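In: fold the stuff below for me.
(chains A and B)
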Protein chains: 2
Amino acid sequence: MNAPTLSRLRDTRVTLSHGGGGRAMRDLIDDVFATVFRPPGMEDQARLYDSALTEPGARLAFTTDSFVVTPLEFPGGDIGKLAVCGTVNDLAVGGARPLWLSAAFIIEEGTEIALLRRVAATMAAEAQKAGIQIVTGDTKVVGRGAADGLFVTTSGVGVIAPDRDMAAHHIRPGDVAIVNGVLGDHGATILAARGDLALSSDIASDCQSLGHLMQDVLAAAPATRAARDATRGGLASALNEMAEAAQVGIEIDEDALPLRTEVKGMCEILGLDPLYLANEGTLVLFVPSDQAGAALAAMRARPEGAGAVAIGHAVAGAAQVRMRTAFGGSRIVDMLVGEQLPRIC
Amino acid sequence: MNAPTLSRLRDTRVTLSHGGGGRAMRDLIDDVFATVFRPPGMEDQARLYDSALTEPGARLAFTTDSFVVTPLEFPGGDIGKLAVCGTVNDLAVGGARPLWLSAAFIIEEGTEIALLRRVAATMAAEAQKAGIQIVTGDTKVVGRGAADGLFVTTSGVGVIAPDRDMAAHHIRPGDVAIVNGVLGDHGATILAARGDLALSSDIASDCQSLGHLMQDVLAAAPATRAARDATRGGLASALNEMAEAAQVGIEIDEDALPLRTEVKGMCEILGLDPLYLANEGTLVLFVPSDQAGAALAAMRARPEGAGAVAIGHAVAGAAQVRMRTAFGGSRIVDMLVGEQLPRIC
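Out: As a prediction, this is how the structure comes out:
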């Protein structure tokens, strides 16, 4: 026999009444979201306590991201996994330990409730894996044509230990740049999944949570200066933002960049630059050279960092990113100016 | 001479490149949002500290809401004011002091940048009024037809004082139900603003932040059991949720309900029930009868509570809401079943 909350929701698609604030909305929330997220308490607001927050000098970390990826499901993940990983990673690269997540859903009328269940299930699974709890949420329904299926907005709260102060402006000439794995898989996967390029591919999104990886790196290499997840705009945009914030140059080595042959090939065919392809489980960090080995070893000890490599270093001089090419030349890697691929995350 | 960040953004409408993670996105964020929100620091993640969070026994409050209201601007507010007030009020009715807000924007390609500036300005103004700081945010752009202009998702973090424990299940028979002002103005305003009903009206949304009001009520009537803001689904849905959580009956008095003649008239013409109309600055709270006078006086001392009145009380018995009608009868006020008005908030 099903639990009473499971028998209430008989619809197979979302209707406007599921957004009306009444019984139908309550049923949708109870059945699809609350049963898998299991938020603490019954108020709209979560009430939370963690002893780490009361440590003298501890700070709270707070971040938010909306996700509008299309298609909603793709090899390696879906919009829900992306939303959990994206917010966990924003917290992690700032040196915070991720604690709590909120999730707000904007749903187009007609969306399949089975899809919502799948998305909620992947969110719950990924949250558990990342050690974060989804504690509060919201649903809104808009009419057909007023949204594209489903948008998810996650916000995250974490705690930054008293002695931790990671920031891009701390990067100094000589610091080593390290990435935890291959570049561009998410962007290439979404491109292929859209199907309108007649590309078939075995690539899957790198979508993964990096909270545990970052904690291990910080334990092994406590002097780590700064990290960024290389999402929209790719590695190139992350490095440019870091160079600008630190007012240092950054030199990377084309030969050192970890790229799958398939991703390279796809970029060559389509005239795309893999440095600008989005990643959803790949970060770049800068660490003083005497701790670079320790940081690399800590990364490689985890599956999320098995492919970790040093790709370059910071140098004195103008705040720009330069790449030594495979042919022995050197070129400026600028910030992305236009739009490479819309709705990548 | 303009600051450099102000001169960068020359477009009058949002294009897909403003969502691409590169230079154009950075310019949009710096120019339209960061200049008015002035978030602390330059990392993606806000790093926050408030001494109240470190008090022994203090808890953190965390809440989120997406806003999809149409039209985006209406008498008494816009989607941004609604987003700030909505999240501030979710924190406030739980007994938390609102501290920090995140704001995530999903923007349809073609949206006027001047509209974004107006929304950002009202958000900044309302946040200042409410004593909360907008500390982090995100923007995403989707193509024409993939969203309806602009959706805003706000999340809020506040602090609940060690001795505070407000929850609907604390409501006891005999407790007095109090509202801070007139009912249904927001719902009626949106209905009229859509224009397709050929209604003209002078009503404005009640959209306002209730954080200061709640702090004053809690100082004057510390035994206040629970409060809810009567948003989607109106007063009727808020009362039903509270009755269910507390397993008490709730009796309200039709004659006592504060309703504008205009709102009453509009409901009569359209066959709507004002008890289900949305409010965005109106809350209902339950307080033991010996502190009801103090709670009312504290509310009436503030502009947001000038129209405060007692509307009924909790009674022993089945968890349902009953209304004594103006004609001397009594009827059950059930939870909203269908959809009264889509995209009200």
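In: spatially central residue for chain A, please.
Out: A:G86 (2.5 Å; Cα atoms, centre = their mean).
In: quick one: residues contacting that residue.
Out: Taking Cβ atoms under 8 Å, 6 or more residues apart in numbering or on different chains, we find A:G86 in contact with A:D65, A:F67, A:T154, A:D229, A:T231, A:E280, A:C345. No exception for glycine: its C-beta is placed from N, CA and C like everyone else's.
In: can you tell me how far the second one is from chain B?
Out: What that stands for is A:F67. As for A:F67, its distance to chain B is 8 Å (criterion: Cβ to the nearest Cβ, to the nearest Å).
In: give me the below-cutoff pLDDT ranges for chain A.
Out: A:1-8, A:196-200, A:338-340 (pLDDT under 70).
In: ok, and for stretch A:164-176, which residues are buried?
Out: Using 16 or more other Cβ atoms under 10 Å in any protein chain shown as the test for burial, stretch A:164-176 gives A:R164, A:M166, A:A167, A:A168, A:I171, A:D175, A:V176.
In: burial count for A:A223?
Out: Residues lying near A:A223 (other Cβ atoms under 10 Å in any protein chain shown) number 13.
In: now do A:P288
Out: Neighbours around A:P288, by other Cβ under 10 Å: 16.
In: name the nearest residue to it, sequence neighbours excluded.
Out: The spatial neighbour of A:P288 that comes closest, neighbours along the chain excluded (Cβ to Cβ, 6 or more residues apart in numbering or on different chains), is A:A223 at 5.0 Å.
In: give me phi/psi at that neighbour?
Out: With angles defined as degrees, to the nearest 10, A:A223 sits at phi -90, psi 0.
In: output stretch A:117-129 as PDB, nothing but the C-alphas.
Out: Provided in PDB are the C-alpha atoms of stretch A:117-129 (Å, rounded to 0.1, in the frame of the first residue of the first chain):
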ATOM      1  CA  ARG A 117      10.400  13.000 -10.200                       C
ATOM      2  CA  ARG A 118      13.600  12.000 -12.000                       C
ATOM      3  CA  VAL A 119      15.100  15.400 -11.500                       C
ATOM      4  CA  ALA A 120      14.200  15.400  -7.800                       C
ATOM      5  CA  ALA A 121      15.700  12.000  -7.400                       C
ATOM      6  CA  THR A 122      19.000  12.900  -9.000                       C
ATOM      7  CA  MET A 123      19.200  16.100  -6.900                       C
ATOM      8  CA  ALA A 124      18.600  14.000  -3.700                       C
ATOM      9  CA  ALA A 125      21.200  11.500  -4.700                       C
ATOM     10  CA  GLU A 126      23.800  14.100  -5.600                       C
ATOM     11  CA  ALA A 127      23.200  16.100  -2.500                       C
ATOM     12  CA  GLN A 128      23.800  13.000  -0.400                       C
ATOM     13  CA  LYS A 129      27.000  12.300  -2.300                       C
END
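In: biggest strand in chain A by residues?
Out: Using DSSP state E, we find that the single longest strand of chain A is strand A:96-108.
In: tell me the helices and strands packed up against whichever helix or strand comes after it.
Out: Counting by DSSP states H and E, the next helix or strand C-terminal to strand A:96-108 is helix A:113-130. If you count contacts as 3 or more Cβ pairs under 8 Å, 6 or more residues apart in numbering or on different chains; DSSP states H and E, helix A:113-130 packs onto helix A:35-37, strand A:77-78, helix A:79-93, strand A:96-108, strand A:133-142, strand A:150-160.
In: perfect, that will be all.
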